[in-house]
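**Student:** Provide a 3D model corresponding to the input given below.
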Amino acid sequence: MNTASQMDKDTNAEKRSAALWSIVASAVLTIAKLVAGLATGSLGLLSDAVHSLIDLGATGITYWAIRIAERPADTRHHYGHAKIESVAALVETGLLFVTAIGVVVEAIRRLFGHEAPVTVTWWAIALILAAIAIDFFRARSLDATAKRTNSVALEADALHFSSDMLSSIAVLAGLVLVALGYAWADALAAVFVAAFIGLAGWRLGSRTIDMLMDAAPDGVIERVEAAGQATQGVLWLERVRARPAGATLFVEAQVAVPRTLPFDRATAVKNALADAIRLELPSADVSLSLLPVELDDETAFDKVLLVASRQGVAVHHVTIQHIAEKLAVSLDLEVDGAMPLGEAHVLASRLEDAILAELGADVEAESHIEPMLVSAVSGEDVPAAELARIEAVLHELTASDMRLTNIHDVRARRSPLGLLVTIHCQSSPLAIVQAVHDAMQDLELRFQSRMPEVKRLIGHAEP
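**Tutor:** Model (predicted):
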């Protein structure tokens, strides 16, 4: 089992454990508050008991949602099942508002002529204090677990217990005032309980709706764009999008890169950015696509090479001539030497048409078809005596030509193509590449005139 899978299993187990303990705590508090509320006749305590009863149902929904959210992505749910937690949180939000409205209605009824006797007992006070303590520790524990696992359902549970704690404090204050002779205080405490419930519902509902509507978390887009700016090779990012689903943050973007960049290099740039985003946002599932763009400083030479790359052909000796206000492009097109001329001509015509489409119809485009070696061939070293003769000819040809000196590391091998000779030599470090290339080509022609069996002379010049 890989590390990521094990981490997912550990996270799911932690969420299930937290949800089960919430169910136990909610059940204990609900029963205790309900008994005390019925015994004392306190509306505040009864409303708090109803609040806890709804919390008990909500924690059950939370546990069910967490179990479903654990399921992996399938053919219908490509992004997994984590959204079910948001649905559960939305249901809990509705329950909170229903509870708050019911409590307010009963409190108003009691405040305006329908008072009910309230009996304050020491054990009711003790029970409320114990409930406050339980709510406090459960809220802290659930909130910490929700942050570690990024669970909106557990966050909803934490909000429930926090609102329970605050409403219990209001109920406690109401009972104390009733004991001091203020009978209306119990109903007023119930109104405060309803206010706490409504506030918790509003906060939870806002976050839940944002998640269901795929709202990007605050600051995420800016962090992704900052990663793009810090990644070498990235020009800019387009269509940057982020959507949370449970513990996973799905991030998508188009990565603008120069269109002249080789495909493997562009892919490396994209992968580097994906790694940078995951480093910045460890829970991110990153999906990036390349967006090749034309730069203002692209030359005609760059564009011709780009067209050849798109056509999947190899070219060299690309020459761009400016004739008055026109451009003339000439190049060597490399094809398999065994290819029929008709097929090669089709490739050449297709390449020329693509160059005209890129540079303009008034551009001249001419290609020279040239054979190239497209497969490996077998070969064997020549005998020592023949190698010595080849070296002697090379030294003789370069003795009076100071452009190429110190011929060394000579190798000669026979193959079905003919005799292939490779050499190393030296040239002035100040000599331009074109001059060195011309000197090497001149040496090859003179060498082949002395030894016609030589197919190629491949030289590596060193400064």
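
**Student:** correct me, but E386 touches A412?
**Tutor:** Yes: in this structure E386 lies within contact range of A412 using Cβ atoms under 8 Å: 7.0 Å. Heads up, the C-betas are built off the backbone N, CA and C, glycines and all.

**Student:** Give me the more crowded residue out of the two.
**Tutor:** Using other Cβ atoms under 10 Å, the more surrounded residue of E386 and A412 is A412, with 21 against 14.

**Student:** Bridged to the more buried one, which residues?
**Tutor:** V421 (DSSP bridges).

**Student:** Name all residues that make contact with it.
**Tutor:** A412 sits next to 381-382, 386-387, 390, 419-422 when contact means Cβ atoms under 8 Å, 6 or more residues apart in numbering.

**Student:** quick one, strands of this structure?
**Tutor:** 236-245, 248-258, 284-293, 314-323, 326-336, 364-372, 380-381, 405-415, 418-426, 454-462 (DSSP state E).

**Student:** Pick the most deeply packed of these.
**Tutor:** Per residue and on average, the most neighbours among the strands of the chain fall to strand 248-258, with a mean of 19 (mean count of other Cβ atoms under 10 Å).

**Student:** Packing partners of that one?
**Tutor:** Strand 248-258 is packed against helix 220-230, strand 236-245, helix 263-280, strand 284-293, with contacts defined by 3 or more Cβ pairs under 8 Å, 6 or more residues apart in numbering; DSSP states H and E.

**Student:** Tell me the one among the contacts of A412 nearest to D164.
**Tutor:** When the contacts of A412 are compared for distance to D164 (Cβ to Cβ), T422 wins out at 84.1 Å.

**Student:** Pretty sure the closest one sits against I458.
**Tutor:** Yes: in terms of Cβ under 8 Å, T422 counts as a neighbour of I458; the distance is 4.6 Å.

**Student:** about what we covered before: may I see the strands of the chain organised as CSV, with mean pLDDT added?
**Tutor:** Shown next, in CSV, are the strands of the chain (pLDDT from 0 to 100):
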stretch, mean pLDDT
strand 236-245, 87
strand 248-258, 89
strand 284-293, 90
strand 314-323, 85
strand 326-336, 87
strand 364-372, 86
strand 380-381, 88
strand 405-415, 88
strand 418-426, 87
strand 454-462, 86
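
**Student:** Need the residues that contact stretch 394-407.
**Tutor:** 391, 410, 423-427, 431, 435-436, 439-440, 442-443, 446-447, 450, 459, 461.

**Student:** centroid residue for the chain?
**Tutor:** Centroid-nearest residue in the chain: V286, 1.6 Å away (criterion: Cα atoms, centre = their mean).

**Student:** Show me what it is bridged to.
**Tutor:** V251.

**Student:** cool, the one 4 residues further on as well?
**Tutor:** Listed beta-bridge partners, L290: V255 (assigned using DSSP bridges).

**Student:** Now do the same contact list for L127.
**Tutor:** 32-33, 36.

**Student:** Neighbour count added to the residues you listed, as JSON lines?
**Tutor:** Formatted as JSON lines, the contacts of L127 follow (neighbours: other Cβ atoms under 10 Å):
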{"residue": "A32", "neighbour count": "18"}
{"residue": "K33", "neighbour count": "27"}
{"residue": "A36", "neighbour count": "24"}
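
**Student:** of these, closest to I209?
**Tutor:** The nearest one, if we look at those relative to I209 and count by Cβ to Cβ, is K33, at 30.0 Å.

**Student:** any idea how far M372 is from the closest residue to I355 other than its chain neighbours?
**Tutor:** Nearest non-adjacent residue to I355, counting by Cβ to Cβ, 6 or more residues apart in numbering: A365, 4.5 Å away. To M372, A365 is 20 Å away according to Cβ to Cβ, to the nearest Å.

**Student:** Among the strands of the chain, which comes closest to I132?
**Tutor:** strand 236-245 (32.7 Å).
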